[in-house]
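K.L.:
Compute the structure for the input listed below.
(2 chains)
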There are 2 protein chains.
Amino acid sequence: MQRWNSWGEAGQDYPLPEHALCYLADLIGPGYPLEEVLLETASTQVTKSRLADHPLISKDPELRVRYARGHSFADWLAKKSGQFETVPDGVAFPESRDDILQLLEWAEQNDCNLIPYGGGTSVVGHINPQMGSRPTLTVCMSRLSRLLALDKESLLATFGAGTMGPQVESQLQVHGFTLGHFPQSFEYSTLGGWVATRSSGQQSLGYGRIEKLFAGGRLETFQGSYYLRPFPAESAGPDLKECVLGSEGRLGILSEVIVNISRLPRFEAFYGLFFPDWQAGIAACQQALQQRIPLSMLRLSAPEETETFLRLSDQQNAIRWLEKLLTFRGAKQGRCQLLVGVSGEKAQCHYAWKQLRRINRFYGGVNTGQLIGQQWQRHRYRNPYLRETLWQAGYGVDTVETATQWLHIDSLRQAMEQALREALLDETERVHVFTHISHCYAQGASLYTTFVFRLGETYDITLVRWQKLKAAVMQTIVNHGGSVSHHHGVGVDHRDFLPFTKDERQLQAISALCRHFDPNERLCSHNLLPPNNHSLPTTLCDEPRQFKETADVIV
Amino acid sequence: MQRWNSWGEAGQDYPLPEHALCYLADLIGPGYPLEEVLLETASTQVTKSRLADHPLISKDPELRVRYARGHSFADWLAKKSGQFETVPDGVAFPESRDDILQLLEWAEQNDCNLIPYGGGTSVVGHINPQMGSRPTLTVCMSRLSRLLALDKESLLATFGAGTMGPQVESQLQVHGFTLGHFPQSFEYSTLGGWVATRSSGQQSLGYGRIEKLFAGGRLETFQGSYYLRPFPAESAGPDLKECVLGSEGRLGILSEVIVNISRLPRFEAFYGLFFPDWQAGIAACQQALQQRIPLSMLRLSAPEETETFLRLSDQQNAIRWLEKLLTFRGAKQGRCQLLVGVSGEKAQCHYAWKQLRRINRFYGGVNTGQLIGQQWQRHRYRNPYLRETLWQAGYGVDTVETATQWLHIDSLRQAMEQALREALLDETERVHVFTHISHCYAQGASLYTTFVFRLGETYDITLVRWQKLKAAVMQTIVNHGGSVSHHHGVGVDHRDFLPFTKDERQLQAISALCRHFDPNERLCSHNLLPPNNHSLPTTLCDEPRQFKETADVIV
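P.N.:
Numbering: from 1, shown residues only, chains lettered A, B, ... in the order given. So this is what the prediction gives:
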């Protein structure tokens, strides 16, 4: 059974070796574990549901607790402490499009709010019910998880929107196809959730972000059902698919998703390279992208992350050999690990890897073959589990991610890391911070920064500590022209920072769109847009900082 | 000087050889040339402008006639006959963003409508002023045509939205970059127009459609100025860039466009192949796309088009040799010409061309090397000029284009061609019809069909003839699940067919968006959406015809 207050199934543990915890204690001090409440205890504190009875809706307190929160750090604190501000008044399990339309109508008649729930893996508060006079109904999509149609000629597949990653792949792979969308949350996140949040998988370089994979589908709304047809390309007005993408539940409930699929790759490999420094690694990635080498993944760890991975590994014998090789080849202090993926036709993979080796040589990189890549592939979904391991040891861990142009990637990374390292200086708490580039484009890349800090003596102290870290790094990101998110979405946690990157007028346009679809604000109105009384820093956004200041401006 | 009632500069002629016109006369009968009016004559018939004076606005009658119509066949008839239903009341030439904002304000105060005008190359009525009580001001963007900023690291360039194709390329190429957007209208169409209509260039397979190239920019609206920042990727709500794309002037006036650029390719070549039949050609294209071979162009002519090209060529000696080669190698009746482009790094081009030759062999194609490709490249923008050549010989020529899935490409082509061939049967007029696939995707392709017919004895008869052809083929397209347009847009000519592919609710959502940006409907309200009293065939659209009927449906 899935854990109610952590990631994964009960019994699935990924312990860290002793030396890894010692390394962490050296860096930021010994951990401070906090006591957790039991599900039973949390459930007894749940207030009575305000919803009327309905055959599709369960009002079981334990269920309502299970569906109350996602996986942001604040969500974890709520679940570990049992201190839920609020839980949904009920959870519905629709089995068809008609069920969803019926629930929408029922919500209108019974004056309640709705939250579409995919896998509950949001890390920015998307699926959290809000305090208010209206009852909240969480609509779990898990029963709409089937492959409904497959066009093998045109590489299109239609799924129920609640289909989780492994269900998507198993139902496609039996026919020889793949979607190729592998976010770190893959095991529990759903197609509908990926679309609603503009998700990006680890191999998006090859398969594309969900924006490229999302071909059409059905959106159930208070205005009725929308069918978005999957044209290969179209010149027929603004694209409503792009409004559904990133709509974070505010326009309607996706019931069916049509996706562009690929034939299963005939060849796939992941390689590990080490560059002497960050600048060389960045230049290599930039060049590979701008020369359009057909890779499926590039993932470049900055020096601190490279070092942390080597130190935390449970294969210290292999690491010692690797260290010797790297030192001998000149990749010592400041070295950066680059993971390279190739997927597809064998000839194309060989061509791509050959081109990448050429770039690697040019920038003085060391090619260590497939061992590290295989290791990564085996553990590609492990990080969310390590969060629990660190929690048990008394540490909090969270991540933040953004995207910017190549021109700013270095300054943004430095600023983000510095902001996090200094965010708890007033408490003389140290923070361990490390970064990688997770997705590359010809124009720029995403930065994915992890921060580890000690839990406080109480849940309240811990929450404040996290809030300080989060606010410091988010403000730094938007001040330096980064996006509020590259693939986690806006939700509640990022909405106050959105006005720094989209100006007031843009938010008003999005708001007008939301009002058209959901005039009574029943659908996730907490997501995406800052509350109306928020003062918007329009001046910051009117100045395209990243352009005027540093680019080559031609007069 | 640019011709006022035809394509290109005065004196730029592309005469057809005698045998070509004989071939055409054999097929559909001798042409019937119509008399044209002079610009001076047309200008004298223009009614007095209803606009007040403004320093940015010219009310010169000749200028107003020049900016009155685009390049649809109906537009040509209006210009050739001098029978304009209406012309703009004035033409403004803003030189800055402030000028545009000033004109918007002035239009509001003076209760007039606005039409943003790029190069006037629309073929679906985008820039035609409409009859009505309000005066119309055409806003010509030609003075906003400079490269404003260039970020060589992140491959981003900012241009004035009125920059025409050759100006885009010359300003980039001097720095070693290219946009790579080469629609057939390249010589006169503009960046802003490409964005507003979701344009696609001949090498979109390599560089991407304008949707992929458009990174951000500035939209001047009645709500003020919008700045769309160019993030490499973002997970921050619905994408307003995708609402501006295809907005066809209804949301605002694009003043600046930021585009994703590429380094100039180190190698580029175009090759000519011949497949024994259409099915083999289709299969080869489909396979090349689904295997992701990094090509920059695929253009497959169906048998009639292949035959027409061979017959119309002015190099009949070379063609006779080619005929012998093709007949010897088995590509006789029904053969299909495929043009293949590769652009980029030399190694990548060689790899791609090698892979394509492998597919070519598998499907029994004949590789004729680069000669035909070079010929195509030299004349890549010639077709609009031939329209004038045929006009002078008494023939009308027009094109129609759509996109659909691979599963339907063959049946849609057959249906389109048949509809056109039979559209004038009541007049016992024959129509010469031929088709190519101009853009390929993993999921499907676009169909581009040309039809040649005899002009009628009068302009009115000719207009009715063309309307019958256009209506027949458009209805056939939407009945067979094709898009109303792959790259020409909706404008006036396609708007009545849009409800067959986007249902009533989708059009209402787009309408709500338009109302938010332009509450008083001053901006191009003739484009995109059918007039309100149009009865919408929602049932057709609710049924996803292309899916349910023919795909492999899994139960």
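
K.L.:
rest of the way, CA atoms for contacts and neighbours
P.N.:
Fine.

K.L.:
Just the closest residue of the stretch 301-450 of chain A to chain B, please.
P.N.:
residue A:443 (4.3 Å; CA to the nearest CA).

K.L.:
Remind me which helix or strand the nearest residue to residue A:389 once chain neighbours are set aside belongs to.
P.N.:
Ranked by CA to CA, 6 or more residues apart in numbering or on different chains and with sequence neighbours excluded, the top spatial neighbour of residue A:389 is residue A:15, at 6.0 Å. Secondary structure from DSSP states H and E places residue A:15 outside every helix and strand.

K.L.:
doesn't residue A:388 make contact with residue A:15?
P.N.:
No. Using CA atoms under 8 Å, residue A:15 is not in contact with residue A:388; the gap is 9.2 Å.

K.L.:
Show me the strands in the stretch 351-500 of chain A, by range?
P.N.:
Taking DSSP state E, counting those that start in this stretch as the criterion, the stretch 351-500 of chain A contains strands spanning A:366-367, A:395-405, A:432-440, A:444-454.

K.L.:
can you check the stretch 51-200 of chain A too?
P.N.:
A:57-58, A:90-92, A:113-117, A:136-140, A:147-151, A:156-160, A:177-178.

K.L.:
Tell me which residues touch residue A:443, please.
P.N.:
Shown in contact with residue A:443 (CA atoms under 8 Å, 6 or more residues apart in numbering or on different chains): A:405, A:406, B:153, B:154, B:155, B:156, B:232, B:260.

K.L.:
what does the model give the most centrally placed residue in chain A for pLDDT?
P.N.:
By CA atoms, centre = their mean, chain A has its centre lying nearest to residue A:488, at 3.7 Å. Per-residue pLDDT puts residue A:488 at 98.

K.L.:
OK, contacts around it?
P.N.:
Going by CA under 8 Å, 6+ apart, residue A:488 touches A:122, A:123, A:124, A:197, A:198, A:199, A:401, B:235.

K.L.:
go again using 7 Å as the cut-off
P.N.:
A:123, A:197, A:199, B:235 (CA atoms under 7 Å, 6 or more residues apart in numbering or on different chains).

K.L.:
what's the neighbour count on the last one?
P.N.:
Residue crowding around residue B:235 was assessed by other CA atoms under 10 Å in any protein chain shown; the count is 25.

K.L.:
And what about the residue lying closest to residue A:272 once chain neighbours are set aside, helix, strand or coil?
P.N.:
Leaving aside its chain neighbours, residue A:272 sits nearest to residue A:339 (4.8 Å; criterion: CA to CA, 6+ apart). Classification of residue A:339 by DSSP: H, G, I helix; E, B strand; the rest coil places it in strand.

K.L.:
was I right about residue A:339 contacting residue A:375?
P.N.:
No. Applying CA atoms under 7 Å, one finds residue A:339 not in contact with residue A:375, separated by 10.8 Å.

K.L.:
Of the two, which one has the most company?
P.N.:
Under the neighbour definition other CA under 10 Å, residue A:339 and residue A:375 were set side by side, and residue A:339 has more, 20 against 13.

K.L.:
Would you quantify the distance from that one to residue A:369?
P.N.:
From residue A:339 across to residue A:369, the span is 10 Å (CA to CA, to the nearest Å).

K.L.:
tell me, what's touching those two both at once?
P.N.:
A:271, A:272.

K.L.:
re the thing from before, burial count for the residue nearest to residue A:389?
P.N.:
13.

K.L.:
Give me the local confidence score for it.
P.N.:
For residue A:15, the model assigns a pLDDT of 90.
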